[in-house]
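A.B. asks: Next input, structure requested:
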Amino acid sequence: MIKNKKHVYIIDDDESVCMAVSALLGTYGFVVDTFTSAKDFFRKIFGDAYGCILLDIHMPGMDGWETLKRIVKSGSGCPVIIITADKNGGLRENALNAGAVGYLQKPFYDKELVALIEAALENETKV
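C.D. replies: Below you'll find the predicted structure:
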């Protein structure tokens, strides 16, 4: 697999979010793969993942917390940014403490997302 430093994986059960964020990131030159479940991501890509992961928290089946835990435990160097519409306080701290490198609440500004992804990829160690 060609390792593209501008690769982003979106894991969100809302297909419209996947499509919209993918289109947005494409305009910034990112290569994007979308998955509507963590199960699909792990089955199709994970061993070969190289880039940044945008991860929703609330998903059926394997939720974002379980997914983040599995990614961190694997030793993957893929930085994970949590994106969520959940407005409960403390989620940012929980996400960062669990191993995410960033957190954004939906809806978010495109430039804020792009800056966070670029910073995460800049600091990526191994994938």
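
A.B. asks: So what's the residue count around residue 22?
C.D. replies: Number of residues near residue 22 (other CB atoms under 10 Å) recorded here: 17. To be clear about C-beta, it is placed using only N, CA and C from the backbone, and glycine gets the same treatment.

A.B. asks: Distance check, it against residue 56.
C.D. replies: Per CB to CB, to the nearest Å, residue 22 is found 14 Å from residue 56.

A.B. asks: All the strands of this protein, residue numbers only.
C.D. replies: 7-11, 31-35, 52-56, 80-84, 102-105 (DSSP state E).

A.B. asks: Can you list the neighbours in contact with the first one?
C.D. replies: Residues lying outside strand 7-11 but in contact with it, judged by CB atoms under 8 Å, 6 or more residues apart in numbering, are 17-18, 21-22, 25, 30-35, 37-38, 41, 45, 49-56, 59, 64, 67, 78, 117.

A.B. asks: Now do the buried residues in stretch 12-30.
C.D. replies: Neighbour-count burial for stretch 12-30 flags 12-13, 17-18, 21-22, 25, 30 (criterion: 16 or more other CB atoms under 10 Å).

A.B. asks: ditto for stretch 113-127
C.D. replies: For stretch 113-127, by 16+ other CB under 10 Å, it's 113-114, 116-117, 120-121.

A.B. asks: Please apply the same query to stretch 59-79.
C.D. replies: Neighbour counts using 16+ other CB under 10 Å place 59, 62-65, 67-68, 71, 76, 78-79 of stretch 59-79 among the buried residues.

A.B. asks: Please list the outside residues in contact with that stretch.
C.D. replies: So stretch 59-79 is contacted by 9, 11-13, 37-39, 41-42, 46, 49-53, 55-58, 80, 82, 84, 95, 98-102, 120-121, 123-127 (CB under 8 Å, 6+ apart).

A.B. asks: For the chain, give me the ranges with low pLDDT.
C.D. replies: Scanning the chain for pLDDT under 70 picks out the ranges 1-5, 46-47, 124-127.
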